[in-house]
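Chemist: fold the following and give me the result.
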Amino acid sequence: MKPVFLAALLAFSVAAPVALHAQTAGLLERSNRVTLPSLKLMSGEPVSEAPLSLKSGTYYILEIESDGSAELALEGAAFFRAVWINEVVINDIEIRPIGIDSFEFDDEGTIELSFIAIKPGTYALSIPGSTGDSQRVEITIE
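Modeler: Below is the predicted model of the structure:
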């Protein structure tokens, strides 16, 4: 009996990491990707048309666009700590950061942020120093 048990244990220990890898590798696959509506940074205009609702474990692509009408930033440290950031693309330059607190646009341009939502909760990305509801976007991760 011992050789049969050891053979089964060995077969499981070899197959288990492969099966686990196959499950986690799917997070970055195209079938798990969702492109979110763009966020807009324009002087006096709303950042977003509506709140964003995300699902934990889903890979998202988010564009943040500035028209250059004012020097504007978008901050949200709590949100950025609730997601795993794959990369930030600025002018075709790919950046893979450990963490982010905010983005600031001095001129017009676009940032593409790709990430996996991780920690459920309600978060916000907002223009620093602004108090209006249109100057922020509420993001819920379920």
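Chemist: mind listing the strands for this structure?
Modeler: Remark: strands assigned in the chain by DSSP state E are 33-35, 39-41, 52-54, 59-66, 72-75, 83-90, 93-95, 102-105, 109-117, 121-126, 136-141.
Chemist: middle-most residue in the protein, spatially?
Modeler: Residue closest to the mean C-alpha point of the chain, counted by C-alpha atoms, centre = their mean, is residue 115 at 2.8 Å.
Chemist: these two touch, right, that residue and residue 58?
Modeler: No: assessed by C-beta atoms under 8 Å, residue 115 is found out of contact with residue 58, at 9.7 Å. Where C-beta positions appear, they are placed from N, C-alpha and C, glycine not excepted.
Chemist: who's in contact with stretch 37-54?
Modeler: Residues outside stretch 37-54 that contact it (C-beta atoms under 8 Å, 6 or more residues apart in numbering): 36, 60, 62-67, 69-70, 72, 74, 105, 117, 125-127, 134-142.
Chemist: again, only using 7 Å
Modeler: 36, 60, 62-67, 69-70, 72, 74, 105, 117, 125, 127, 134-142 (C-beta atoms under 7 Å, 6 or more residues apart in numbering).
Chemist: could you flag which of those residues are buried?
Modeler: 36, 60, 62, 64-66, 72, 74, 105, 117, 125, 127, 135-139, 141 (16 or more other C-beta atoms under 10 Å).
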